[in-house]
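Trainee: All I have is the shape, not the residue letters:
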């Protein structure tokens with residue numbers, strides 16, 4: 001039988017990774033755009049101030065970090081889906097049904 005040790009012990013780590021990526025992705029994009037002297041707007045309603053002065057080296061670093069955070073986000077999302085499917089098909093519990101809209105268990 002497959003046993004996923006990461007499930008309970010890794011829950012806190014998963015939350016930290018997800019929250020870090022959710023915060024880091026837009027922040028690195030904003031810094032990257034500022035370093036390239038590219039204006040950033042919030043839903044085209046207003047322009048955000050530059051966080052840093054134009055700097056090509058910083059732009060390259062933030063671009064690399066921004067892309068790495070995206071790759072990490074894809075991996076974390078895939079692991080989340082795999083975990084939900086594991087609960088449904090291997091553990092045969094109601095975790096997946098509880099995640100679905102209008103599929104909650106009563």
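Mentor: Everything's here; your move. This one's a predicted model, so the numbers in the text were calculated from it and none came from an experiment.
Trainee: quick one, what contacts residue 36?
Mentor: Contacts for residue 36 were tallied using CB atoms under 8 Å, 6 or more residues apart in numbering; they are 54, 56, 59. Just so you know, the C-beta spots here come from the backbone N, C-alpha and C atoms, and that holds for glycine as well.
Trainee: let's go with 7 Å and repeat that
Mentor: Residues in contact with residue 36 (CB atoms under 7 Å, 6 or more residues apart in numbering) are 54, 59.
Trainee: do residue 54 as well
Mentor: Contacts of residue 54 by CB under 7 Å, 6+ apart are 35, 36, 37.
Trainee: Would you tell me what the next helix or strand after the helix or strand bottoming out on mean pLDDT in the chain is?
Mentor: Ranked by mean pLDDT, DSSP states H and E, the weakest helix or strand in the chain is helix 6-9, scoring a mean of 50. Later in the chain than helix 6-9, the nearest helix or strand by DSSP states H and E is helix 11-35.
Trainee: contact partners of the helix or strand following that following helix?
Mentor: The first helix or strand that comes after helix 11-35 along the chain, using DSSP H and E, is strand 40-42. For strand 40-42, the external contacting residues (CB under 7 Å, 6+ apart) are 30, 33, 47, 48.
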